[in-house]
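Student: sequence and predicted structure are below.
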Amino acid sequence: MTIRLRHAALRGFMMTILMTAPLSAYAREDHAPTNPRYETKILTDKAEYLTYTMIVQIKDGHWKEVVKDAQKVAEIGKRIQAINTY
């Protein structure tokens, strides 16, 4: 019973994080191919794909993959912020 409760709490926590922290807020709107910051568009798309796969993995109960993907999304967010500050 407690394991189910833990999994449900973790699932709710991860879904809350995924739904409330969109990475598109970090990316800029001007994504022209001539813009040197075009990489943010590509990174944002990659992060969105990872968040969608994380949602599926959460529903299926693949927690190790969720943690790995969450770390990748965090790294992508840091890269986007570094590009925007540069």
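Tutor: Alright, I've got the coordinates. Numbers count the residues shown, from 1 in each chain.
Student: which SS class is Ile58?
Tutor: With DSSP: H, G, I helix; E, B strand; the rest coil as the basis, the three-state label of Ile58 is helix.
Student: what about it, how many neighbours?
Tutor: Close neighbours of Ile58, defined as other Cβ atoms under 10 Å, add up to 21. Heads up, the C-betas are built off the backbone N, CA and C, glycines and all.
Student: hmm, Gly12 and it touching each other?
Tutor: No - in this structure Ile58 lies outside contact range of Gly12 using Cβ atoms under 8 Å: 9.6 Å.
Student: tell me the predicted confidence for Ile83.
Tutor: Looking at Ile83, its pLDDT stands at 80.
Student: quick check: which element contains it?
Tutor: Ile83 is part of helix 63-85, with elements assigned from DSSP states H and E.
Student: cool, and Ile55?
Tutor: According to DSSP H and E, Ile55 maps onto helix 39-60.
Student: does anything pack onto that helix? Which helices or strands?
Tutor: helix 2-20, helix 63-85 (3 or more Cβ pairs under 8 Å, 6 or more residues apart in numbering; DSSP states H and E).
Student: can I get the ones you listed in CSV with distance to Ala47?
Tutor: Formatted as CSV, the helices and strands packed on helix 39-60 follow (distance: least, Cβ to Cβ, whole Å):
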stretch, distance to Ala47
helix 2-20, 11
helix 63-85, 4
